[in-house]
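1. predicted coordinates and the sequence they were generated for:
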Amino acid sequence: MRFVKAAVLVLGPLALCACSGGTTPGHETSVDAAPLVSVSANGRAPADPAAPLVVHAVRGTLTDVTVTSADGRHLAGAVAADERSWRSTAPLGAGEQYTVRISADDGSGGRGTTVESFSTRSAPQTLTAVLTPGDKAVYGVGEPITVTLSLPVHDHAARQVVERALTVGSTPSVRGGWYWVNDTTLHFRPQDYWPAHARISASFDLQDRPVGGGVYGGAPSRISFSTGDKLLAVTDAGSDYLTVYRNDQRVTSIPVTTGKPGFATRNGIKVVLEQQPEVFMNSDTVGIAADSANAYHLDVYWDTRVTWSGEYVHAAPWSVGSQGVANVSHGCTGMSPGDAHWFYTTFRRGDLVQVINSEGHRMEPFGNGFGDWNLSWSDWQQGSALGQVVDTAPAAVAPPAAPAGLLRPEA
């Protein structure tokens, strides 16, 4: 008991100096292991989270320093070669309460441990992220993961911080990567499509950690979803037939019509965005004058959307005579009502629709839907701030019940 009492008398409570308790950025937050000094940090202004934490031994040496946040996270740091100071090697969190446990030796046989605490200022700006798809539903194998940030991130180093805070897990695992579409949007896709019947999760967690420029991470976010069968529809605008493949096996071919000259359907790979049983289609919304011979105003049924600009796979009873023969549409893929209903009930969001041999432009990668798969894997990798391939770890996500696929009998 005398040894413990002596240790307390030698070291005393440790003094927490208010070097960064003010508003000047870049100053250290210092904790002094000062003998016989009893100064409490309670009531001090919160410290600058952008500054490092430093523990000083005014006399003697430090034997151990442990810094822990209120939620149990340890702040990494290292003792100097002379053992008289300790400096954090990881950033402090914003708006956090920290406990500092310091053990020291006064050089004269006195040893002891003391505990001090301090807080950091709240972040002036926080960065959060909305991830999709976030409804835990079953999607097609072409569905990318999207991230929409609450603040623009242009700086390359800050983008690297954001990417490190993003994790993707899947069962089975895949090789994939992030692509910065713009300052507020990222997409993640595998090198190839997602496996059929995969379980996938993604998260963003940068809470209270610095991003750069005075911005800190806000509340974390997490999503999960799964994939069903691999469904691919290949529309050949040259032959006017659409061929459906399920898990790479041909299911059926359907006579269709695609865009006529001046309205040619986009070539390339598209992803189903949404589906509606009925859509009122108005040519005014796509710049076709009401008095034009190409004008249209009609209710259209069994609509599967593949671009935001208005390209659908849908029922077109008015063009049944041209389906399988000629291209007469305004850019959509039209088919008979029966075939359109089957397509509508078989395909889901995230399934793949590819157009070949059209005289139209190629599907853009971004901005008009999910054209992500039109970029080569090597080009996709150039969009990552880290330049790293992501190997997804198995995801701890319970698989939702996959609905039975509706196979159409061979036509």
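-> Arrived safely. Numbering: from 1, shown residues only.

2. how many residues are close by residue 389?
-> Applying other Cβ atoms under 10 Å, we find 12 other residues in the vicinity of residue 389. For the C-beta atoms, the positions are set from N, CA and C on the backbone; glycine is no exception.

3. any idea how far it lies from residue 334?
-> As judged by Cβ to Cβ, to the nearest Å, residue 389 and residue 334 stand 41 Å apart.

4. same deal with residue 179?
-> Computed with Cβ to Cβ, the distance linking residue 179 and residue 334 is 33 Å.

5. those two: who's more crowded?
-> Counting neighbours by other Cβ under 10 Å for residue 179 and for residue 334 shows that residue 334 has the greater number, 27 against 22.

6. so which strand or helix has the more buried one?
-> Per DSSP states H and E, residue 334 falls inside strand 333-335.

7. can you check residue 245 too?
-> Going by DSSP H and E, residue 245 is in strand 241-246.

8. which residues are contacting that strand?
-> Contact with strand 241-246 is made by 229-236, 250-256, 313, 324, 333, 335, 343, 346, 405, 407-408, as judged by Cβ atoms under 8 Å, 6 or more residues apart in numbering.

9. now which of those residues would you call buried?
-> Neighbour counting with 16 or more other Cβ atoms under 10 Å marks 229-236, 251-256, 313, 324, 333, 335, 343, 346, 408 as buried within these.

10. which of the residues you listed fall within strands?
-> Counting by DSSP state E, the part of the buried ones among the contacts of strand 241-246 found in strands is 231-236, 251-255, 313, 333, 335.

11. which among those residues gets closest to residue 192?
-> Of all these, residue 192 sits closest to residue 232, with 12.4 Å by Cβ to Cβ.

12. tell me the bridge partners for the residue lying closest to residue 115 once chain neighbours are set aside.
-> Leaving aside its sequence neighbours, residue 115 sits nearest to residue 101 (Cβ to Cβ, 6 or more residues apart in numbering; 5.1 Å). Residue 101 forms beta bridges with residue 66, residue 115, as assigned by DSSP bridges.

13. thought residue 101 was touching residue 63?
-> No. Using Cβ atoms under 8 Å, residue 101 is not in contact with residue 63, being 11.3 Å away.

14. what's the pLDDT at the residue nearest to residue 115?
-> Looking at residue 101, its pLDDT is 90.

15. how many residues are close by it?
-> Look at residue 101: counted by other Cβ under 10 Å, it has 15 neighbours.

16. and if you look at the one 5 residues further on?
-> A total of 19 residues lie near residue 106 under the criterion other Cβ under 10 Å.
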